[in-house]
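> here you go, sequence then predicted model.
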Amino acid sequence: MVGLPGERVRLVAGRLEVDGVEVAEPYLGDTGGEAGAPPAGAGDLDVRLGGDQYLVLGDHRAASTDGRDFGPVPAAALTGRVRFAYWPPRRLPQPD
């Protein structure tokens, strides 16, 4: 998930920005293009999310069907339960 309710998300020339701040995406690897993203213009996006909307993007951007194709996802469409989290460490409960 790259975009939370109320945020402005831009994906331009392979660079992801959330509320004007570039987001580092080292997990994309080297799939061709800037920061491992598809070539400039491929799947560009500029969206302001509503109060109950989220935006998801795939890790393999050149071949992913994601929020660039189907748009923001309403909160009601998200289901799941977190059973275990290991990343990022700063969000994990700290031992007493």
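That came in fine, so what should we check first? Residues are numbered from 1 along each chain as shown.
> and the helices in this structure, which stretches?
Assigned by DSSP state H, the chain shows helices spanning 67-70.
> strands of that one, start to end?
Counting by DSSP state E, the chain has strands at residues 8-12, 15-18, 21-22, 45-48, 53-54, 73-74.
> highest mean neighbour count out of those strands?
Comparing the strands of the chain by mean neighbour count (mean count of other Cβ atoms under 10 Å), strand 53-54 ranks first with a mean of 20. Where C-beta positions appear, they are placed from N, C-alpha and C, glycine not excepted.
> which one of the strands of the chain lies closest to A62?
strand 8-12 (12.6 Å; Cβ to Cβ).
> pLDDT on that closest one, on average?
Strand 8-12 comes out with an average pLDDT of 93.
> name the surrounding residues that touch that strand.
For strand 8-12, contacts defined as Cβ atoms under 8 Å, 6 or more residues apart in numbering pick out 2-3, 16-20, 37, 40, 43-49, 55, 57, 68.
> if we go to 6 Å?
Residues outside strand 8-12 that contact it (Cβ atoms under 6 Å, 6 or more residues apart in numbering): G3, E17, V18, D19, D44, L45, D46, V47, R48, L55.
> how about stretch 47-59?
For stretch 47-59, using Cβ under 6 Å, 6+ apart, the contacting residues are 1-3, 5, 7-9, 64, 66-67, 72-75.
> let's have the residues you listed in a markdown table, adding distance to W87.
Shown next, in a markdown table, are those (distance: Cβ to Cβ, whole Å):
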| residue | distance to W87 |
| --- | --- |
| M1 | 13 |
| V2 | 15 |
| G3 | 19 |
| P5 | 22 |
| E7 | 20 |
| R8 | 25 |
| V9 | 21 |
| S64 | 20 |
| D66 | 20 |
| G67 | 21 |
| P72 | 24 |
| V73 | 22 |
| P74 | 26 |
| A75 | 23 |
